[in-house]
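Novice: have a look; sequence and predicted model below, questions after that.
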Amino acid sequence: MKEFRFSIRDRSPSQPKARRGVAGVGANAPIETLRPPARGSVLVIVMVTLLFAVFALVAFMEKASVDLLVDQREALTRRLRMEACSALEVTLGVLEDFREVGNGLHSAAEGWTDPLGFAGYQPSDGRVVEIAFEDESGKISLPHANVQVLTNLFLNWGILKPDAEALADAMLGWMKRNHVYTSSVQPAYDSGAIPFESPGRPIKSLHELAAIEKVREVFYDADGRPNDYWRRFAASVSLLDFPKPNINGALPDTLAALGLFDDTQQRSLGDYFKGAGSYLGNGPGYFQNSTEAQRIAGPTGNAGAFASTISALRITVTVREGRSEFRMSTVVASPNGGATTVQAIATHAEITGAAAQTGQQQQNKPDATQAKPQPVAGATGAAGQKNAAARNLKYPFTLLEIRENDEIPSAPPPPPPESLL
């Protein structure tokens, strides 16, 4: 009988199991415990990548939202502009009716303060349209102002007479060609850091005041910003060209500078226009001619320096839809004797006389090489009448200026005279 032997070895967990030998290593040699490779760096890279992707996505969404907002505002502006143009056309139609009946526009007291209600105009659903008027011809026409008118204006502000005369002299030296200075002001524009010449034509922008000597010292502060004098001057004068201001819309500065009316006479005229004071029972009134104005103002003063009709009227149309707002400011003039813009061109003093006249004639002369418009063949009947009517269209007013939204200046109202002294 064969004999079998068994042996039991201790394989406790504290002793690692021996592995088979490999080349150069004994079978019973100690073996180090194997560890998995580190993965922390991979996780950091993934997190950074996700972070950059989130930032890029947020930036893209912000830019896309801004682009969409701009497009939305442009589309809304186009819709509101159409509403404003429609309201403006209705307003001009109503004004034309009053102009034909009254032989010209005199004052809003004639009854055209609410032209849309007068015409029964209804804006689109959800929109509100407002119309505001300002008699631009109630100001002093700067192209027609002389040294005496400007001096009277500055004296009315409380400026000393020598300074008032110097201011008027400096302004006319800028606006009039070959002006002879009569005060101590002797500008040397050609010897400055940036030499230039005075334009010798009426001011086209009030920003030109910053370039005029003496005026720059009075109308601007030490930092070069417009002060109260500048704001009051901007509210008192008009850059449009019209012969006489309208006394029915004349400002106090206009009445004092042109008409030489004192405070008592100005209050009398104001009470007559508003229907207040001794004219409380009459209601708002207006003058048909300067003789009526002289009767109310009294024997002193010069009512003949004024007209009684509006030469330039500023119409401001405001359209609101929810929180959105669109404004359009338009200056219109009547076709007969109305205001005009400044037409003079600043040229060098040497280019005058016959040379300037020849150049102007050459500029206005039509080009002989241009083909003359030929009548369209077959343009008869309704189509021909339509084309003829389009060529003969007589618009009742002349559009002198159109501004929209941010282009409309929002200057604060002029301060009281006490703050200028």
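Specialist: Sure thing, it's come through.

Novice: could you pull out the helices for the chain?
Specialist: Under the criterion DSSP state H, the chain contains helices at 40-102, 115-119, 147-156, 161-175, 215-219, 228-236, 252-258, 263-274, 290-297, 353-364, 381-391.

Novice: of all these, which one is nearest Thr318?
Specialist: helix 40-102 (8.0 Å; Cβ to Cβ). In short, each C-beta sits where N, CA and C put it, glycine included.

Novice: how far off centre is the closest one?
Specialist: How far helix 40-102 lies from its chain's middle: 20 Å, per Cα atoms, centre = their mean, to the nearest Å.

Novice: sketch out the low-pLDDT regions of this structure for me.
Specialist: 1-40, 64-73, 345-393, 407-421 (pLDDT under 70).

Novice: distance to Asn336 and mean neighbour count added to the helices of the chain, as TSV?
Specialist: Formatted as TSV, the helices of the chain follow (distance: least, Cβ to Cβ, whole Å; neighbours: other Cβ atoms under 10 Å):
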stretch	distance to Asn336	mean neighbour count
helix 40-102	10	13
helix 115-119	21	16
helix 147-156	25	19
helix 161-175	27	21
helix 215-219	35	17
helix 228-236	27	19
helix 252-258	23	24
helix 263-274	25	17
helix 290-297	19	18
helix 353-364	23	10
helix 381-391	21	10
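
Novice: pipe these into JSON lines and attach distance to Ala132 per row.
Specialist: As requested, the helices of the chain are exported to JSON lines (distance: least, Cβ to Cβ, whole Å):
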{"stretch": "helix 40-102", "distance to Ala132": "10"}
{"stretch": "helix 115-119", "distance to Ala132": "11"}
{"stretch": "helix 147-156", "distance to Ala132": "26"}
{"stretch": "helix 161-175", "distance to Ala132": "30"}
{"stretch": "helix 215-219", "distance to Ala132": "28"}
{"stretch": "helix 228-236", "distance to Ala132": "16"}
{"stretch": "helix 252-258", "distance to Ala132": "20"}
{"stretch": "helix 263-274", "distance to Ala132": "17"}
{"stretch": "helix 290-297", "distance to Ala132": "25"}
{"stretch": "helix 353-364", "distance to Ala132": "38"}
{"stretch": "helix 381-391", "distance to Ala132": "32"}
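
Novice: Ala333 is nearest to which of those?
Specialist: helix 40-102 (11.6 Å).

Novice: counting contacts, what elements does the closest one pack onto?
Specialist: Applying 3 or more Cβ pairs under 8 Å, 6 or more residues apart in numbering; DSSP states H and E, we find helix 40-102 packed against helix 115-119, strand 127-135, strand 312-321, strand 324-333.

Novice: what's near enough to touch Lys161?
Specialist: Counting by Cβ atoms under 8 Å, 6 or more residues apart in numbering, Lys161 makes contact with Thr151, Leu155.

Novice: ok, now with 10 Å
Specialist: Thr151, Phe154, Leu155 (Cβ atoms under 10 Å, 6 or more residues apart in numbering).

Novice: same check, this time on Leu88
Specialist: Pro115, Val129, Ile131, Ile315, Thr316, Val317, Met328, Thr330, Val332, Leu399, Ile402 are the contacts of Leu88 under Cβ under 10 Å, 6+ apart.

Novice: out of these, which one sits closest to Ala164?
Specialist: Distances from Ala164 to the contacts of Leu88, taken by Cβ to Cβ, are shortest for Thr316, at 33.0 Å.

Novice: list the residues that contact that closest one.
Specialist: Neighbouring residues of Thr316 by Cβ under 10 Å, 6+ apart: 84, 88, 130-134, 327-330, 403, 408.
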